[in-house]
Structures are given as structure tokens and as C-alpha cells.
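Visitor: coordinates for the following, if possible.
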Amino acid sequence: MSELKRLNKYISETGICSRREADTLIAEGKVTVNGTVAEMGLKVSDADNITVNGKSLKAKPKRVYIAYNKPVGVTCTTEKKIKSNIVSAINYKDRIFPIGRLDRPSEGLIFLTNEGDIVNKILRAGNNHEKEYIVTVDKEIDQRFVEKMASGIPILDTITKPCKVKQLGKKRFNIILTQGLNRQIRRMCEYLGFEVTKLKRVRIMNVSLNDLAVGQWRFLSDSEMAQINASIADSSKTQERSTDHNKKAKKTFKPLSYDGSKASDKHKRQEQSRKPAKRLSGTLSLKRK
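Guide: Sure, this is the predicted structure:
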């Protein structure tokens, strides 16, 4: 018997739209299953006759996995209204989307795919999949800087997980993370009083940039995908498995600058502005994402 999947997921896997867009089509009554207007949450299989806007759903496309050397200036979004979006930069014939992000001022390796199930398994911090970067900062670093970066830095209301850091030059270092906090490396450096001037991701899990030129992409090889699938076989794609244990206890640390003194008032204000709003008794407040 064919595997049952939620209708929105089934539609998105054919490549015509995202799950969110599929939800909208279903809500507007534009999707039918076996001749009946579909309802939200319905589960379907390959045996069902599904139409969208009166047209039968095409067969699911072959799964695609791409390695791309993202240039500085390309934005990791599928929003076509953003001119620098990564999908337009690659210009692949079918619908694909990035696995994770590299911020616009950064460059280097990023994966793209048309398979949704693999995304969270690779991204969840609790699954401990490595990402390697080469970073240049605005001032000279030393062993103390390396040790502080490696042992954990308090940012975004947590402490970063211990990581591997190696000095490569007066202002350059290599760092291997198993986390993916927002602008993590830049925030870690800022906390210690340094500014990142260049950030390049050179490896994700078992896949390296090697000689892939900036702005170029290639399909992941069968051997690369075999290693990735083996490494994520026991990975969770749920939030529970990927809990950030550093957030379990309330933190009482006070931000310090690189020399051990109190961080600047400006830095503290920046960190405070990133914290969620508190919920007051009897009132409703919104949390910032």
C-alpha cells in the first residue's frame, strides 16, 4: 500500500509550490481528491487522483541535491521579489530551496534540494552535524581568543556549544560548529570585541567546497549522498530531539569584553533588544522571533 502523507506535503513534493502555498490552495477550494474538494489535514497517497486548479498533479520529480558556492550579495531566500534571491542566482529548471542559510555578506557552501524531509534532519542543532568556516576579523587574534571561542560564548540568551577553533593567521581562524544560531559566528566575535570582515563556509558534514568556483553549483554525488543519508539515519527532525540544553537553566552571566571587563553599554543594549518580550499577567504580549 502506498504511503499516506498530508495533502499539503504531497502537493509541495511535486514541485509546484511550497507547503504554505498548498495550504492556501486547499483553503480556497482549488484542490480536489478523487473528485471531492479537499479539506485541510487530509492524507493522501500515490493511488489518489489529485487535481490543483482543475489540472491533475504531475508525477513527483526526481530528488535533487545541489552544492552551491554562494557569492557575497546573494540572499538565501526563495522570495522572487528579492532580486538577489538564491533560486534566481542558480536558475535551476525546477523548484528547489536552500537547506539553512548563509547571510548576505557571507560566502561559501550551501545545499539546495527539492526534498523537504531531509532539511530538518541536517539543520537541527541536536543532531550535531558539522559545518566548517574560515573567518577573517578586523584585529589580530591570539590563543586566548581561540580558547574563548571554542569554550562557548553567551549570545541570544544561551551559551554556544563548545566547538573546534584553530588559528590560521594573525587575523584568520578556522571554526567548526554543530549549531546554527542566527549570525552565530559574527555575534560570537562581536561579544569578544572583534568584527568579522570575511566569512566563508568551506564544508557541510562530509561535503567540501574543494575546487567549486564562487557562483558555481554542482549535483551532490551518489557517494556523498550515501554518506549524508547514513549520518542522518538516526537523526531527529523534531524539536524535542534537538533541544538546546544550554537553555534549560536560567543564565546569570554578565557580558564581558575580550579583555575581561564589562561589555559596553551599546553591546548590552543590543543583546537586550534581541530578547523576547516578557508576558505580563492578564495581558497578551508578542514574542519576537
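
Visitor: name the helices or strands packed onto the longest strand seen in the chain?
Guide: Using DSSP state E, we find that the single longest strand of the chain is strand 196-204. Packed against strand 196-204, as judged by 3 or more Cβ pairs under 8 Å, 6 or more residues apart in numbering; DSSP states H and E, are the following elements: strand 107-113, strand 131-137, helix 184-191. From N, CA and C alone the C-beta is placed, and that goes for glycine too.

Visitor: next, count neighbours for Pro154.
Guide: Around Pro154 sit 19 other residues, with neighbours defined as other Cβ atoms under 10 Å.

Visitor: surely it touches Leu192?
Guide: No: taking contacts as Cβ atoms under 8 Å, Pro154 lies outside contact range of Leu192: 11.0 Å.

Visitor: need the overlap of contacts for those two.
Guide: When contacts are counted by Cβ atoms under 8 Å, 6 or more residues apart in numbering, Pro154 and Leu192 have no shared neighbour.

Visitor: what lies in contact with stretch 81-94?
Guide: Residues external to stretch 81-94 that are found in contact with it (Cβ under 8 Å, 6+ apart): 15, 61, 64, 66, 68, 70-71, 73-80, 96-98, 104, 110, 112, 114, 215, 217.

Visitor: quick one: low-confidence ranges for the protein?
Guide: For the chain, the stretches with pLDDT under 70 are 1-2, 59, 124-127, 235-289.

Visitor: repeat that with 50
Guide: Within the chain, the segments meeting pLDDT under 50 span 1, 237-245, 248-255, 262-266, 273, 276-289.

Visitor: which parts of it are helices?
Guide: Along the chain, counting by DSSP state H, helices occupy 7-12, 19-27, 86-90, 117-123, 143-151, 184-191, 222-231, 265-273.

Visitor: let's have those helices in a markdown table, adding distance to Val207 and mean neighbour count.
Guide: Putting those into a markdown table (distance: least, Cβ to Cβ, whole Å; neighbours: other Cβ atoms under 10 Å) gives the following:
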| stretch | distance to Val207 | mean neighbour count |
| --- | --- | --- |
| helix 7-12 | 25 | 22 |
| helix 19-27 | 26 | 16 |
| helix 86-90 | 16 | 19 |
| helix 117-123 | 11 | 18 |
| helix 143-151 | 23 | 15 |
| helix 184-191 | 19 | 22 |
| helix 222-231 | 5 | 14 |
| helix 265-273 | 34 | 11 |
